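Q: Structural data only, the sequence is not supplied:
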RNA sequence: GCUCGCGUAGCUCAGUUGGAUAGAGUGUUCGCCUCCGAAGCGAAAGGGCGCAGGUUCAAGUCCCGCCGCGAGUACCA
């Protein structure tokens, strides 16, 4: 039996005991992890609640400790429980039978399976993340989005869900149009010129997205003094949206190439997708029209004839009661008849939830090295073979920057208004704060910082200004640093092995760095901190797993024959009851909490919870490792116990790291 | 103005539907590799959780009011 189940059983026992002893029906009760191992493995502060209820019902005051005493007996009946104590003001502290628990951990699967559910009846959810405008290279802020999204996907899969990963491609927006303006009117390039440029860049080992990064910033600068060029933007945007013209073809090339570059960048971080839905198809397949009709039929949208939104179709929201009369009403169709981004987003969200009644066509976009496929939407039926089923998700998670919480609120409320039967809970905005630069970091990147900005604690990154830490640059720097360390420590490894190890370390460092902050914390990027391999880092966690593995490598070379199952229960219990028994046990129980931690992180929509747990697990293992000489232990039973514990710890640590998208190298 | 988020050790951050002596990392000082990997371990110093009230057996966590910082509040995306 795994720990989650055991705790669930104990909670039920307490509820039943409360009923039989005090005739009080509790629906749910809290259980918590005691602050110290000596205080037990699970604690119920239930006596306080019961005391309150008894007072309510009878008016009599009762002592929580006395109440707790009367609940003890029921818990003791569980054979996994060794003893129960009443402590403090009335805590009910439960101690598990340590020896039994450890032996069982050897045979039963107490850690969660990490593979995605293949069961087609398992609930399917959709996670949209990354969604970088395909007009430039990805920067560290985009990586935060992708790493949070990807980790959340892994967490959901570990809880048994089927997950579809979408990366929305806004290939017809102003940002792509801006770069197209740059190519057409600053550089005077044709599509052929751009293709040649692209080929030359590739030959020089450079990438198209980096070129666009600079061009985009240049366009932004020129816009400020050249009105004529700015006027071109609207013209280009219109052509791009309309499609089927040379400008649109050029834009498609630019966007598609950037998508390829961004996918390659994300692949370095271990981040992959199932589907790339594009805005062009949402336009050309008239998703909006269908959504609009639905809204009219259901009368959740109205045409304004007066006021500042005259001539627009708006969706009214009464919740926000601002000073302005209709401040909260959201315009979905402009007075010139075009649809706003939020309008398109509502249609897209409806499709994700299987509520639109229309579908895309699909084409294979890319196949990863191991055969996994990424699909892209198309406007016409290309009769592609073996198209998987997309959309139609029970719940949709959108990983989007918190600055967009207002439009996301509109999308959520909008869909719920149109389909009250589906409700708001089906749309989750997984918001996160931005990654900003410290003034020092911005200067290190070679940017002139205004005096005003120097006073600020952080500076927002800006693609338009070309101000940001590019994802590939940072990862390259991390790989270089890691490689230098690997060279120092393992000169005997081959060049390939060294580079592979350095890569795993670099990815571990960066993913952990982005995950250790909770979502609503602004990360003020600092090179020193991000490049660190010491302290609370992914590298620390990897290192501890590598050391654990090296114990077993050594053991493999020896005859390790003696296993814990061969010892008698009393022998093992004696070890846990000895002076250092508590600290051996604390390693066991912490390693066993992986499953509940994953469930907790999934419920709270917070990957950082798993990151923190993983660090604690690694820290605890390091302490365990330094206190106990495992291989050299002379007492056979104790040695077997230490080995079993180390084995459990490394399995749990490895599984936790994998769920964070962090690999464990062979050596490091 | 309104809405949302945040204010916890020198610095950067955790803190599970309110719970047992407020925790990490980093920085500072000191100690630990003839013994499973020192990207490690141990120790010391360091805050009473922005301010002021309230609810509760119990408040960093909930409520009210202030103060400070940030974001949003487009017929941009």
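A: That came in fine, so what should we check first? Quick caveat: nothing in here was measured; it's all calculated off a predicted structure.

Q: CA only for contacts and neighbour counts going forward, please
A: OK.

Q: Quick check: which ranges of the stretch 251-400 of chain A have low pLDDT?
A: A:318-328 (pLDDT under 70).

Q: Could you rerun that using 90?
A: Applying pLDDT under 90 to the stretch 251-400 of chain A flags the ranges A:298-300, A:302, A:304-310, A:315-330, A:336-338, A:383-385.

Q: Show me the strands in it, by range?
A: Using DSSP state E, counting those that start in this stretch, the strands found in the stretch 251-400 of chain A span residues A:275-276, A:302-303, A:313-315, A:330-333, A:361-367, A:373-378, A:395-401.

Q: As TSV, those with mean neighbour count would be great.
A: Shown next, in TSV, are the strands of the stretch 251-400 of chain A (neighbours: other Cα atoms under 10 Å):
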stretch	mean neighbour count
strand A:275-276	24
strand A:302-303	16
strand A:313-315	22
strand A:330-333	22
strand A:361-367	17
strand A:373-378	19
strand A:395-401	22
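
Q: now those strands as TSV including distance to residue A:33?
A: TSV is the format used below for the strands of the stretch 251-400 of chain A (distance: least, Cα to Cα, whole Å):
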stretch	distance to residue A:33
strand A:275-276	41
strand A:302-303	53
strand A:313-315	47
strand A:330-333	46
strand A:361-367	45
strand A:373-378	42
strand A:395-401	30
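
Q: contacting residues for residue A:132?
A: Shown in contact with residue A:132 (Cα atoms under 8 Å, 6 or more residues apart in numbering): A:138, A:142, A:168, A:169, A:170.

Q: now do residue A:514
A: Under the criterion of Cα under 8 Å, 6+ apart, the neighbours of residue A:514 are A:144, A:147, A:148.

Q: switch to 7 Å and redo it
A: residue A:144 (Cα atoms under 7 Å, 6 or more residues apart in numbering).

Q: Quickly find the element holding it.
A: Using DSSP states H and E, residue A:514 falls within helix A:495-515.

Q: any idea how far that helix is from the chain center?
A: For helix A:495-515, the separation from the chain centroid amounts to 18 Å (computed by Cα atoms, centre = their mean, to the nearest Å).

Q: could you point out which element follows that helix?
A: Counting by DSSP H and E, the element after helix A:495-515 in chain order, helix or strand, is strand A:523-525.

Q: and the next helix-or-strand element following that following strand with RNA strand B, contact?
A: For strand A:523-525, the following helix or strand on the C-terminal side (DSSP H and E) is helix A:527-530. No - interface with RNA strand B: helix A:527-530 contributes nothing (Cα under 7 Å from any atom of the strand), its closest point being 7.9 Å away.

Q: mind listing what's buried in helix A:527-530?
A: In terms of neighbour count (16 or more other Cα atoms under 10 Å), helix A:527-530 has its buried residues at residue A:530.

Q: Past that helix, which element shows up next along the chain?
A: Downstream of helix A:527-530, the first helix or strand assigned by DSSP H and E is helix A:538-557.

Q: so what does that next one touch, helix or strand wise?
A: Secondary structure elements in contact with helix A:538-557, counted by 3 or more Cα pairs under 7 Å, 6 or more residues apart in numbering; DSSP states H and E, are helix A:495-515, helix A:607-627, helix A:636-659.

Q: Out of those, which gets nearest to RNA strand B?
A: helix A:607-627 (4.0 Å; Cα to the nearest atom of the strand).

Q: Which among the strands of the stretch 251-400 of chain A is found nearest to residue A:534?
A: Closest approach to residue A:534 among the strands of the stretch 251-400 of chain A (Cα to Cα): strand A:395-401, 29.0 Å.

Q: any idea how far that closest one is from the chain center?
A: Remark: strand A:395-401 is offset 10 Å from the chain centroid, using Cα atoms, centre = their mean.
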